[in-house]
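A.B. asks: Sequence and computational prediction follow.
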Amino acid sequence: EQTSGWNDRLVGDYDTAPNPSFIEKPISSIFFHNNRLGILSSDSVVMSELGEYGNFFPTTIRTIPDTDVIDITVATRDVTSLKTASSISGALLLFSENSQFILNSTGGTLSPETAIISNVSSYNYNPSAPATVIGNKVFFTAESGNGTQLFDFEFNSVLATASENVAANNISLHIPTYLPTGITTIVGHSILGYIFLHSPEDPKSVYVLNTVTVDRQSAQRAFHKWTFEYDIRGINIVKNNLNIVFSNSAAISENQFVKENSTLYCNLSLDIPVDINNVEYKDDYEGNKLSNYESEVRMSKWQLKSQDGFGTIRGRLQIRTALFSVADGSKYTVRMVNDSLINNSTVSTGVMP
């Protein structure tokens, strides 16, 4: 009695219909591409029969139908172990720790007889953070020294059929040690321009890349990080919300509702305000109303912009203002600090009537 969804060999024998290449080998990744279930194992790519995700055996031994199983091996002079597969723009981008390959068709429909693998680049790759497709780009990381570099491949019709080397963009070249080592998660939102990265080596922080695109060009990119009170166990984006799961592994005082070793959940909206000139921040303070607390808004550095809105060393200076309010009867102290200068601040104190 068959207890799984995997098909048995129905035609031929071990010679005419051999086992798929992943049998008795470690599997490094499972993916979907062109309505086929794919499996990476060592230097092989095995893709199921078209639309039949449980069948990895030939359907006939007399001919080779276009819909039959694809089982192909990377042909290189070096030992290659494939780690990740990313399906994008009709092509399949394959990653090993030292090289990248593209699996596509020599012409027409992808089939057992037209499938071909081409070596397109030789970047170091961190398999702990699987390459991620966001929009028309594939993002991946590589560790160097005590930091991590973030790269992207931008896919188009030329790259999807490339047989020669192509170049990836090193997005974090100017901050080689800002991103920590050990990154395991890359998620992003192609419309809002967010990329989020997380490393267990900095468990309470999420590293963020904001990108503003104008006329298909990256007008501005900025890295920063969000730090939370508890260790992060997972992040993901659903619609326009960043979902974060926390694990509280530290002892908590009895008068707080959070228990030791509990799991917490946070949902952050990533929606861009309709009118960015009237963004409102509210303190969500639930402690003793008679005690003092600190609240901070940190703005990005001033930047000169050209008429097109791109950063430049020449242009006009954008002066910004901020409006804040406090509750009646509150005593407050306001301090404005220019982080670019040392010991340069403006202090104002007062009491609301």
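C.D. replies: Happy to help now that I have it.
A.B. asks: do you know how far residue 239 is from residue 192?
C.D. replies: Going from residue 239 to residue 192 by C-beta to C-beta, to the nearest Å gives 11 Å. Using the backbone N, CA and C atoms, a C-beta is placed for each residue, glycine as well.
A.B. asks: Am I right that residue 88 is in contact with residue 134?
C.D. replies: No. Residue 88 is not in contact with residue 134 according to C-beta atoms under 8 Å; the separation is 9.8 Å.
A.B. asks: The closest residue in space to residue 154 that isn't next to it in sequence bridge partners, please.
C.D. replies: Among residues not flanking residue 154 along the chain, residue 137 sits closest, at 5.2 Å (C-beta to C-beta, 6 or more residues apart in numbering). Beta-bridge pairing for residue 137 (DSSP bridges): residue 134, residue 154.
A.B. asks: Same question for the one 4 residues further on.
C.D. replies: Beta-bridge pairing of residue 141, defined through DSSP bridges, involves residue 150.
A.B. asks: Let me see the contact set for it.
C.D. replies: 125-126, 129, 148-151, 179, 183, 186, 197 (C-beta atoms under 8 Å, 6 or more residues apart in numbering).
A.B. asks: ranges for the strands of the stretch 201-350 of the chain?
C.D. replies: When secondary structure is read from DSSP state E, counting those that start in this stretch, the stretch 201-350 of the chain shows strands at 205-214, 217-227, 231-238, 241-248, 262-269, 304-305, 316-317, 331-337, 345-351.
A.B. asks: low pLDDT regions in the stretch 1-150 of the chain?
C.D. replies: 1-4 (pLDDT under 70).
A.B. asks: returning to what we had before: in this structure the residue nearest to residue 154 contacts residue 151, no?
C.D. replies: No. Counting by C-beta under 8 Å, residue 137 stays clear of residue 151, with 9.8 Å between them.
A.B. asks: which of these two has more neighbours?
C.D. replies: In terms of neighbours (other C-beta atoms under 10 Å), residue 151 is the more surrounded of residue 137 and residue 151; the figures are 22 against 19.
A.B. asks: Any figure for the gap between the closest residue to the more buried one other than its chain neighbours and residue 152?
C.D. replies: Leaving aside its sequence neighbours, residue 151 sits nearest to residue 168 (C-beta to C-beta, 6+ apart; 4.3 Å). Applying C-beta to C-beta, the value for residue 168 to residue 152 is 6 Å.
A.B. asks: Let me know the pLDDT of residue 246.
C.D. replies: For residue 246, the pLDDT comes out at 91.
A.B. asks: wait, isn't it in contact with residue 235?
C.D. replies: No. Counting by C-beta under 8 Å, residue 235 is not a contact partner of residue 246; they are 10.2 Å apart.
A.B. asks: what residues are up against the residue nearest to residue 114 when sequence neighbours are not counted?
C.D. replies: Leaving aside its chain neighbours, residue 114 sits nearest to residue 105 (4.3 Å; criterion: C-beta to C-beta, 6+ apart). Shown in contact with residue 105 (C-beta under 8 Å, 6+ apart): 111, 114-116.
A.B. asks: which residues does the residue positioned nearest the centre of the chain bridge with?
C.D. replies: Geometric centre of the chain, nearest residue: residue 186, 2.4 Å, by C-alpha atoms, centre = their mean. On the basis of DSSP bridges, residue 186 is bridged to residue 197.
A.B. asks: From residue 194, how far off is it?
C.D. replies: From residue 186 to residue 194 the distance is 11 Å (C-beta to C-beta).
A.B. asks: Next, count neighbours for the nearest residue to residue 206 once chain neighbours are set aside.
C.D. replies: Of all residues not flanking residue 206 in the chain, residue 226 sits nearest, at 4.9 Å (C-beta to C-beta, 6+ apart). Residue 226: 14 surrounding residues under other C-beta under 10 Å.
A.B. asks: ok, residue 226 touching residue 205?
C.D. replies: Yes. In terms of C-beta under 8 Å, residue 226 counts as a neighbour of residue 205; the distance is 6.7 Å.
A.B. asks: show me where this structure has helices.
C.D. replies: Along the chain, counting by DSSP state H, helices occupy 157-160.
A.B. asks: Compute the first-to-last residue distance for stretch 200-207.
C.D. replies: 12 Å (C-alpha to C-alpha, to the nearest Å).
A.B. asks: Pretty sure the residue nearest to residue 151 sits against residue 123.
C.D. replies: Yes. Between residue 168 and residue 123 there is a contact under C-beta under 8 Å: 5.8 Å.
A.B. asks: distance of the closest residue to residue 9 other than its chain neighbours from residue 51?
C.D. replies: Spatial nearest neighbour of residue 9, excluding adjacent residues (C-beta to C-beta, 6+ apart): residue 57 at 4.7 Å. The spacing between residue 57 and residue 51, counted by C-beta to C-beta, is 15 Å.
A.B. asks: These two: who's more crowded?
C.D. replies: Between residue 57 and residue 51, counting by other C-beta under 10 Å, residue 57 is the more crowded of the two (19 against 10).
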